[in-house]
Each structure stands twice: as C-alpha cells, then as structure tokens.
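Peer 1: Provided below are the primary sequence and the corresponding predicted coordinates.
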Amino acid sequence: MTDEEMKCSYEHYKQWQINKVRYRNESIAYALMFGAGVLFVIKNWQGVFFGIGFALIIGAICLLVRVLCKWNKKQQALSDLKAMAEEMGATDIQVDSEKGEISFSVASESIDDSKINDLGKKLSDKGLKMKVTRTKEPDEENLKMSKGKSTEKGYINKNNQRNNGLTPHEGTDNNQYFYEMECLNCGHKYFANGSDIWQRKCPNCQGGRP
C-alpha cells in the first residue's frame, strides 16, 4: 500500500469515527428530547388536551362559518339569477337550493350571445357555473315522426332525439341491436338500444348516458 493510499484510508477511518460519535450524540439528544416531551405531557396532560380540544373547536367553528358564508353567497346568487330570468321573460324556472342549481327556458330572440356571456361572467364571479343549451322547435314533419314507433327510422322522442335507423351492431340489452341516434339540439350522434330509444337523452348536452 502506498503512502497516498494509507493517508486516504486513514482519512476515511477518521471521518467514520467522527460520524459515529456524532450519530451517537444525536441519538442521545433525540431520546432526551422525547423523554422530556413525554414527561411534560404526563405532568400537564390536562392542559395539553385542553389546548388540543380548544384548537379543534376553533377550527370547526371557522370551517362552519366559511361553509355558511359560501352557502349564503350561493343562495343570494340564485335569487339574483332568478330575478334576472324573470326580467327576460323566462319560463319553467326551477331552483334547487340544495344543489345550488337553477334552470329556466327563454326564447332565443329575447337574449343574444353578449347577454349570455355577461350573465356567465356574473355567475362566475359569484362562484356559480352556467350551462346554456339551445333547443330547436320541432317542425310539423318532425311532430308527425314522433308519433310513430320508437324503432322506426325518423322517430323523435320527447327529448328531441331522432332515430336515424338500425345498425348491424348488437346492443347491450337482451336480443337488442343498436340504433343510431342524433340529437336535434346539438347534432351529437350516438348509439342506443331499441328498447331505450323512447327515453334517451343526449350524452353531450342533456346529461344522458353514453
């Protein structure tokens, strides 16, 4: 072993001894700190538990206040929106206070895109979201089609969903085949079992299942 290697080996051994002493001292210090903490808790357990309980109560009160403030803000926003809808001549106004939702219908000629954007911004500032769905009035031909059988091509159900005809794909229900459906509100196309055509809703704009 050369002198350089011996020197390097000695330095490693020296550093190992230093680290060993340091780790031992740190372990003793941690044990003493833990013991002091345990002794303090044992002697002052009533005060410690009182402090923890007090902190939990204060936290619960603050959380409850925030929830109530948010709920009151949402209810006020719903009331304001209902008043605005009534001013626009909206019909079929439904307010769900529990979910914080409101729905209504208004004629397209009574409100333009700029008003919709302004309304959406006001709701966003109040912590609410708005979803606009434009519907088309069915013409006489569509009304006639909606009176036929649900599996007939061209049938339109009560949700304005049109049956575009049978497909060769097997459905998910027993002995059923898929039919192509088209939403007359947004133009979205999807498949539905023949037994479900009469009640299907658009997955894109009406929240129906895919």
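Peer 2: Thanks, I have it.

Peer 1: hey, let's count contacts and neighbours off CA atoms from now on
Peer 2: OK.

Peer 1: what about the helix or strand in which Tyr30 is found, average pLDDT?
Peer 2: Element membership of Tyr30, judged by DSSP states H and E, is helix 3-43. Here helix 3-43 scores 80 as its mean pLDDT.

Peer 1: Could you point out the helix or strand that follows it?
Peer 2: Of the helices and strands lying after helix 3-43 in sequence (DSSP H and E), the nearest is helix 45-87.

Peer 1: now the helix holding Tyr30, how far from the chain's geometric center?
Peer 2: Chain-centre distance of helix 3-43: 51 Å, with Cα atoms, centre = their mean, to the nearest Å.

Peer 1: who does that helix touch, helix- and strand-wise?
Peer 2: Under the contact definition 3 or more Cα pairs under 8 Å, 6 or more residues apart in numbering; DSSP states H and E, helix 3-43 sits against no other helix or strand.

Peer 1: Please repeat the previous calculation with a cut-off of 10 Å.
Peer 2: If contacts are counted by 3 or more Cα pairs under 10 Å, 6 or more residues apart in numbering; DSSP states H and E, helix 3-43 sits against helix 45-87.

Peer 1: just checking, what packs against the helix it packs on?
Peer 2: helix 3-43, strand 91-96, strand 101-105, helix 113-125.

Peer 1: Dump those to TSV, plus mean neighbour count.
Peer 2: Shown next, in TSV, are the helices and strands packed on helix 45-87 (neighbours: other Cα atoms under 10 Å):
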stretch	mean neighbour count
helix 3-43	12
strand 91-96	12
strand 101-105	16
helix 113-125	13
